[in-house]
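S.K.: no sequence on this one, just coordinates:
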């Protein structure tokens, strides 16, 4: 099943509805559900959807997942997922919280080198996008 | 004959009022006008009639005081009716004037429309364009089921309701992908 076919799938559209509802759900536990189920999915399209949803929530916890965690968001193994997340970060109207998380990630000594490197690259792009 | 006598008595009273009025001072009077209207001058004749005199006949036509009151009420009601009738006529006149103004303005519009030279084919084209414009309105936003579903789901609890739904849908999608592969 290619990318076009999956987007016409009934169950995929149901997942889209669920993920979109978790973006606007006022309950902070919505982030936990997105992290636990969406970012750990084996399907690239679902991970992409989830990473975008976490960026759109624009909260400290959700942005930390897509910026600072290895294998998720901008650090995803799939180039499509990583690039989509970066694009979504650049599209944010209020980039203040994202910049704060990026600065913290770059300054952190506990994180993996590739995570810090990715954060530094995204910060450069964010500075250009202002 | 009786009527002639009464008329003479009345004229006597009218033209010789001082003869019929006594300047008297009554204490503890129950006359309601005693203190003010007549300055304690009491009219002795026929001014204040008791209720017993209501049945006294006024004319030879057997019209009593109470009948007279009823007639006066009836006449008053006729006067009110006349006023209402007059007001009704006034409102009809206003309505007519409004109608006239409306017809005149409509006539002017028709004349303006008639003055415009519209080619028949151009008119049809314009009509089709209007229909096309109406059909091209974005009404999908009004009936978008996705937005309605999302709003409905966003009100549910994420952990207890949304999470099982998410897991179930993801599992079904994985099965679909496995079948397609």
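M.R.: Received, thanks. Computed from a predicted model, the values in this text were never measured in an experiment. Numbering: from 1, shown residues only, chains lettered A, B, ... in the order given.
S.K.: next one: stretch A:63-73 to chain centre, how far?
M.R.: 7 Å (Cα atoms, centre = their mean, to the nearest Å).
S.K.: Now do the contacts for the closest residue to chain A within chain B.
M.R.: Scanning chain B for proximity to chain A using Cβ to the nearest Cβ identifies residue B:153 as nearest, at 3.4 Å. C-beta here means a position set from N, CA and C on the backbone, and glycine is covered the same way. The neighbourhood of residue B:153, defined by Cβ atoms under 8 Å, 6 or more residues apart in numbering or on different chains, consists of A:17, A:18, A:20, A:21, A:25, B:162.
S.K.: what's the next secondary structure element after the helix-or-strand element of chain A with minimal mean pLDDT?
M.R.: For chain A, the helix or strand with the lowest mean confidence is helix A:3-6, at a mean of 78 (criterion: mean pLDDT, DSSP states H and E). Following helix A:3-6 in sequence order, the next helix or strand is helix A:10-24 (DSSP states H and E).
S.K.: Now do that following helix: everything it contacts.
M.R.: A:6-7, A:30-31, A:33-34, A:38, A:45-46, A:49-50, A:53, A:56-57, B:146, B:149-154, B:156, B:158, B:162, B:165-166, B:169-170, B:172-173, B:176.
S.K.: Assign residue A:93 to helix, strand or coil.
M.R.: Each residue gets one of three states, and residue A:93 gets coil by DSSP: H, G, I helix; E, B strand; the rest coil.
S.K.: my bad, should have said residue B:155
M.R.: coil.
S.K.: May I have the phi/psi pair for it?
M.R.: phi -90, psi -10 (degrees, to the nearest 10).
S.K.: What is the burial count for it?
M.R.: 12 (other Cβ atoms under 10 Å in any protein chain shown).
S.K.: before we move on, the earlier item: quick one, which of the contacts of helix A:10-24 are buried?
M.R.: Neighbour counting with 16 or more other Cβ atoms under 10 Å in any protein chain shown marks A:6, A:30-31, A:33-34, A:38, A:45-46, A:49-50, A:53, A:56-57, B:149-150, B:153-154, B:158, B:162, B:165-166, B:169-170, B:172-173, B:176 as buried within the contacts of helix A:10-24.
S.K.: Which other helices and strands does the helix or strand that residue A:62 is a member of contact?
M.R.: If you go by DSSP H and E, residue A:62 is part of helix A:60-68. Under the contact criterion of 3 or more Cβ pairs under 8 Å, 6 or more residues apart in numbering or on different chains; DSSP states H and E, helix A:60-68 touches helix A:29-33, helix A:44-57, helix A:79-90, helix A:96-107, helix A:113-129.
S.K.: what's the most buried one of the ones you listed?
M.R.: Among the helices and strands packed on helix A:60-68, helix A:44-57 has the highest mean neighbour count (mean count of other Cβ atoms under 10 Å in any protein chain shown), at a mean of 24.
S.K.: Check which helices and strands it is in contact with.
M.R.: Using 3+ Cβ pairs under 8 Å, 6+ apart, helix A:44-57 is in contact with helix A:10-24, helix A:29-33, helix A:60-68, helix A:79-90.
S.K.: In CSV: those, plus mean pLDDT and distance to residue B:9.
M.R.: Formatted as CSV, those follow (pLDDT from 0 to 100; distance: least, Cβ to Cβ, whole Å):
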stretch, mean pLDDT, distance to residue B:9
helix A:10-24, 95, 102
helix A:29-33, 96, 108
helix A:60-68, 96, 113
helix A:79-90, 95, 115
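S.K.: Of all the ones you listed, which one is nearest residue B:93?
M.R.: Each of these has some distance to residue B:93 by Cβ to Cβ; the shortest is helix A:10-24, at 62.3 Å.
S.K.: Pull the distance from that closest one to the chain's centre.
M.R.: 15 Å.
S.K.: report the angle between the axes of that helix and helix A:44-57?
M.R.: 20 degrees (axes from the mean of the first three to the mean of the last three Cα atoms, to 10 degrees).
S.K.: Which positions within helix A:10-24 qualify as buried?
M.R.: Across helix A:10-24, burial judged by 16+ other Cβ under 10 Å covers A:11-23.
S.K.: Which of the residues you listed sits closest to residue B:101?
M.R.: The nearest one, if we look at these relative to residue B:101 and count by Cβ to Cβ, is residue A:20, at 56.7 Å.
S.K.: Which residues of chain B lie near chain A?
M.R.: B:146, B:149-154, B:156-159, B:162-163, B:165-167, B:169-170, B:172-174, B:176-177, B:180-181 (Cβ under 8 Å from any Cβ of the partner chain).
S.K.: Among these, which lie within helices?
M.R.: B:146, B:149-153, B:163, B:165-167, B:169-170, B:172-174, B:176-177, B:180 (DSSP state H).
S.K.: pLDDT at residue A:108, what is it?
M.R.: With respect to pLDDT, residue A:108 has a value of 93.
S.K.: Now do the contacts for the nearest residue to it once chain neighbours are set aside.
M.R.: Once flanking residues are discounted, residue A:108 sits nearest to residue A:116: 7.0 Å by Cβ to Cβ, 6 or more residues apart in numbering or on different chains. By Cβ under 8 Å, 6+ apart, residue A:116 lies in contact with A:105, A:106, A:108.
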